[in-house]
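>>> Pasted the sequence and its predicted model underneath.
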Amino acid sequence: MSGDTSAAAASSAADHDGVVGPGTPLLEVRDLAVEFRTPEGNVRAVDGLSYRVAAGRTLAVVGESGSGKSVSSLAVMGLLPDTARVTHGEVLLAGEDLLSLSRREHRRRCGERIAMVFQDALAALNPVHTVGYQLTEALRRRRGMSRRDAGRRAVELLDLVGVPNARGRVKDYPHQFSGGMRQRVMIATALALDPDVLIADEPTTALDVTVQAQVLRLLAEIQAERRMGLVLITHDLGVVAGMADDVTVMYAGRVVERAPVRDTFGAPAHPYTRALLHSIPSSGAGGDGEGRRLPVIPGRPPSPAALPTGCAFHPRCDTARDVCRTDPPPLEAVAVDRASACHFAAEVLASHDVPPPVEHEEAAHD
Amino acid sequence: MGRYIARRVLQAVGTLLLVMLLLHLLTTVAIQLNGNPAQAFFGDKVASPTQLAAVEQRFNLDDPCFDQVGNPCLGPFVERLGQYARGDFGTNLRGREVSDIVAAAAPNTLRLFCVVLITWLALGMVLGSVAARRRGSTGDHGIRLTSVLIDAFPVFVLLIVYRYVVAVPLHRWAEETFGEDSWPPYWFKPSFDADHPWATVVVPGILLGLAGSAAFIRLVRAGQLEAYQGDHVRAARSKGLAERHVVVHHVVRNSSVPVVTAVGLTFAEALGGAVITEGLMNIYGMGGVLWEAVRNDDVGLVLGIVTLLAAVTVVVMIVVDIAYAVLDPRIRYD
Ligand SMILES: Nc1ncnc2c1ncn2[C@@H]1O[C@H](COP(=O)(O)OP(=O)(O)OP(=O)(O)O)[C@@H](O)[C@H]1O
Ligand code: SF4
Ligand SMILES: [Mg+2]
């Protein structure tokens, strides 16, 4: 990338405008901020998050534990706990701001237009109801589907997500399924009302590696088939490389980099992204799953209650200089479709200091 | 499920036999140490040896083992088990069939229990649910304070205050307002009326239920708070289901499991409460009968009733276990 392009792009402003894939966005999050009321005062868990997903596209949201990935998804779904409050921002679903709707109206869009797959399927499925009941609960309640049709639909949904012997299993309870099958059931419940957008919050962290790959492949297939917009929250950069079109990297509640996946993997524009990429083993290392977890960067992510001054990443950053300790870097465009929140983004981008693009075979195809 | 129930029933039968054996051994030792209760039949009168022998024979106390301290007297025990199996529970000292006495007294105790159970569940479910729903609000704090106050207030104080202070004026007021033959005066009648068993048992039952409800309120609140935090509630909401449906099918439904368990566990405690309540409110029930029997040294009656109560308790435990398995599918397959 030449200095010219980045300068030109930078002038096109700090917002998300430059960073969208093709197609009109189905879901657009604008400058979202979420605060928790805690005994120690208000804590800002998400601060100025923006992203866009178009139909048939996958956006990966990456970040260490506690960076605000789940909290922001819950805000989009209107499912934040009582102690949390959206203090700023918009969530546009096909142009309609969900956050300006009443709670009831917002809830109505859930499932129907936008659905969510939760991280821990065992906890997210109710142990006292059959899988069939939970699959079609919304169809029966909201669409008034008859018990018989619902029963048939439950079998179809289980078939769709590849649960063997679907007919025999609709009457089973969640604890009778294996982890991978449970996650498939979870995905099927999210698909029941045929949503336009699916948010998958670390859908495979609880599973072992081979099962992870199968579940992800299923998700990718269904997404492609239905042309859903998919927001894939993950710890796994291998998954990002294999499945996502765009990536949003979060650190301490903020977006630090946003880019098309191919561009970032070749040349990250933020030291945090670079550090993340550095610590993934190359694809030749073999399919040991542990290595593909979000890599360890020296030091710990800060708590949102006690953010470092200046750039929140500075205590752990290998590129940090004096200005980083005092001035928070704004998120600015660094190239076409790309933005980074670093004072030295252009420098980082130009250094090309990364391993060759990693694309994980298992996640992508197997 | 079938095997689960069968296992529970077997365990219950075993428990019951054990309780009966224990009871038998205790009374045997008591008889061996204290002398023959057949004497009690005659009160203060002096009985001739032949009269005594006749009574002993009638109450199965004629076995020589009752004179040998330390002898477990298993013979009479087995004999009695056989009689029970044939539906013969013996007679009291006045020759009345124990089963007749029970048939007259048990329905009133059952009525009392029904009212108590409904009070427990209604108060526990409603107040507990409200407290959990509005956690941290004034209502929540009020409900929690109330539950502590209820606990600090013994049942019998509640009943005495009601009977001697509140009931009489209320009863009079109800008679004047609604007329003597209407229902309301009976609700507040300070003592039991065999002709209006339901009406006169309602208020004592509610008071007894109120006394036990504190535990339920707290249990329901805690259970629902946990359920509200659960990922499955969040997942149910994410399907766009109405909040009402989510609360009923994913919060209340899930929190019903510990509540049912607690009903079983508190049952024995409620039996104790029933004895006090029946005594204070003159309700002709099992508690009252048992109390009389103990006072009169009526061993046959005591044994019969205690055995029956043990059987009822065991049956309740089975019902609770089955309800538990029905409510929580994870139990069945373990
Ligand atoms: N109930 C809560 N009360 C107070 N703070 C909270 C609460 N839930 C989350 N937070 C704060 O929000 C921040 C973001 O949490 P979030 O769950 O979104 O992280 P995450 O990126 O999803 O992490 P993970 O990868 O572990 O799931 C956390 O650091 C935490 O401090
Ligand atoms: S602003 Fe400074 S501390 Fe922050 S990422 Fe860039 S170089 Fe590192
Ligand atoms: Mg999370």
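Perfect, I can see it now. Ligands and ions are numbered 1, 2, ... in the order given.
>>> For stretch B:89-102, give the mean pLDDT please.
For stretch B:89-102, the mean pLDDT works out to 83.
>>> Which positions in that stretch come out as buried?
B:Phe89, B:Gly90, B:Thr91, B:Asn92, B:Leu93, B:Val98, B:Ser99, B:Ile101, B:Val102 (16 or more other Cβ atoms under 10 Å in any protein chain shown). In short, each C-beta sits where N, CA and C put it, glycine included.
>>> quick one: contacts of it?
B:40-41, B:58-60, B:80, B:83, B:87-88, B:286, B:289, B:293, B:296, B:298, B:300-301, B:303-305, B:307-308 (Cβ atoms under 8 Å, 6 or more residues apart in numbering or on different chains).
>>> State the next helix or strand along the chain beyond the lowest-mean-pLDDT helix or strand in chain B.
In chain B, the helix or strand scored least confidently by mean pLDDT, DSSP states H and E is helix B:49-58, which has a mean of 74. Downstream of helix B:49-58, the first helix or strand assigned by DSSP states H and E is helix B:74-85.
>>> buried ones in that following helix?
Neighbour-count burial for helix B:74-85 flags B:Pro76, B:Phe77, B:Arg80, B:Tyr84 (criterion: 16+ other Cβ under 10 Å).
>>> Pull up the gap between the third one and ligand 2, please.
Distance, B:Arg80 to ligand 2, by Cβ to the nearest ligand atom, to the nearest Å: 87 Å.
>>> which residues touch that residue?
Each residue near B:Arg80 by Cβ under 8 Å, 6+ apart is listed here: B:His24, B:Asn60, B:Gly90, B:Leu303.
>>> any idea what the last one is structurally, helix, strand or coil?
The local conformation at B:Leu303, judged by DSSP: H, G, I helix; E, B strand; the rest coil, is helix.
>>> List the contacts of it.
The neighbours of B:Leu303, taking Cβ under 8 Å, 6+ apart as the test, are B:Leu23, B:His24, B:Thr27, B:Arg80, B:Gly90.
>>> With adjacent residues omitted, what lies nearest to the closest residue to chain B within the stretch 1-150 of chain A?
Residue of the stretch 1-150 of chain A nearest chain B, by Cβ to the nearest Cβ: A:Gly111 (3.4 Å). Nearest non-adjacent residue to A:Gly111, counting by Cβ to Cβ, 6 or more residues apart in numbering or on different chains: B:Gly240, 3.4 Å away.
>>> Over to B:Met317?
B:Met317's closest residue in space is B:Gly264 (Cβ to Cβ, 6+ apart), at 5.8 Å.
>>> tell me which element the one you found falls in.
helix B:253-280.
>>> so after that helix, what's the next helix or strand?
Downstream of helix B:253-280, the first helix or strand assigned by DSSP H and E is helix B:286-295.
>>> buried stuff in that following helix?
Going by neighbour count (16+ other Cβ under 10 Å), the buried part of helix B:286-295 is B:Met286, B:Gly287, B:Gly288, B:Val289, B:Leu290, B:Ala293.
>>> Residues in contact with it: which ones?
Residues contacting helix B:286-295 (Cβ under 8 Å, 6+ apart): B:92, B:101-102, B:105-106, B:109, B:271, B:274-279, B:282, B:298, B:301-302, B:305-306, B:308-309.
>>> just for chain A, where's the confidence low?
Residues of chain A that meet the criterion pLDDT under 70 lie in A:1-23, A:279-296, A:352-366.
>>> Let's see that with 50 instead.
A:1-21, A:282-294, A:357-358, A:360-366 (pLDDT under 50).
>>> tell me which parts of it are close to ligand 1?
Contacts of chain A with ligand 1, taken as Cβ under 6 Å from any ligand atom, map to A:36, A:38, A:43, A:45, A:63, A:65-71, A:81, A:83, A:303-304.
>>> can we see that at 8 Å?
Selection of chain A residues close to ligand 1 by Cβ under 8 Å from any ligand atom yields A:34, A:36, A:38, A:43, A:45-46, A:63-74, A:81, A:83-84, A:119, A:201-202, A:233, A:235, A:250, A:253, A:301, A:303-305.
>>> by contact count, what packs against the helix or strand that contains A:Ile187?
Secondary structure from DSSP H and E places A:Ile187 in helix A:179-191. Using 3 or more Cβ pairs under 8 Å, 6 or more residues apart in numbering or on different chains; DSSP states H and E, the elements in contact with helix A:179-191 are strand A:114-117, helix A:121-124, helix A:131-143, helix A:147-160, strand A:197-201, helix A:209-226, helix B:231-238.
>>> Can you name the residue of the stretch 151-300 of chain B nearest to chain A?
Residue of the stretch 151-300 of chain B nearest chain A, by Cβ to the nearest Cβ: B:Gly240 (3.4 Å).
>>> re earlier: the residue nearest to B:Met317 and B:Val320 touch, don't they?
Yes. Counting by Cβ atoms under 8 Å, B:Gly264 touches B:Val320, with 3.3 Å between them.
>>> Which residues are in contact with the residue nearest to B:Val315 when sequence neighbours are not counted?
Closest residue to B:Val315 apart from its sequence neighbours, by Cβ to Cβ, 6+ apart: B:Ala12 at 7.4 Å. Neighbour list for B:Ala12: B:Val314, B:Val315, B:Met317, B:Ile318 [criterion: Cβ under 8 Å, 6+ apart].
>>> Of these, select the buried ones using a PyMOL command.
Applied in PyMOL, the following selects the buried portion of the contacts of B:Ala12 according to 16+ other Cβ under 10 Å:
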select buried, chain B and resi 314+317+318
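>>> Contact partners for the residue of the stretch 1-150 of chain B found nearest ligand 2?
Using Cβ to the nearest ligand atom, the single residue of the stretch 1-150 of chain B nearest to ligand 2 is B:Gly136, 39.2 Å away. Contact criterion Cβ under 8 Å, 6+ apart gives no residues in contact with B:Gly136.
>>> In a strand, it, correct?
No. Counting by three-state DSSP, B:Gly136 is not found in a strand; it is coil.
>>> That one and A:Val231: what is the separation?
Distance, B:Gly136 to A:Val231, by Cβ to Cβ, to the nearest Å: 32 Å.
>>> try B:Glu56
On the measure of Cβ to Cβ, B:Glu56 and A:Val231 end up 86 Å apart.
>>> again, but for B:Gly14
Per Cβ to Cβ, B:Gly14 is found 58 Å from A:Val231.
>>> who's more crowded, these two?
Comparing B:Gly14 with A:Val231 by other Cβ atoms under 10 Å in any protein chain shown, the one with more neighbours is A:Val231, at 27 against 11.
>>> Now the most centrally placed residue in chain B. Nearest residue, chain neighbours left out?
Per Cα atoms, centre = their mean, the C-alpha nearest to the average position across chain B is that of B:Leu271, at 3.3 Å. In space, B:Leu271 comes closest to B:Leu309 once its chain neighbours are excluded; the distance is 6.5 Å by Cβ to Cβ, 6+ apart.
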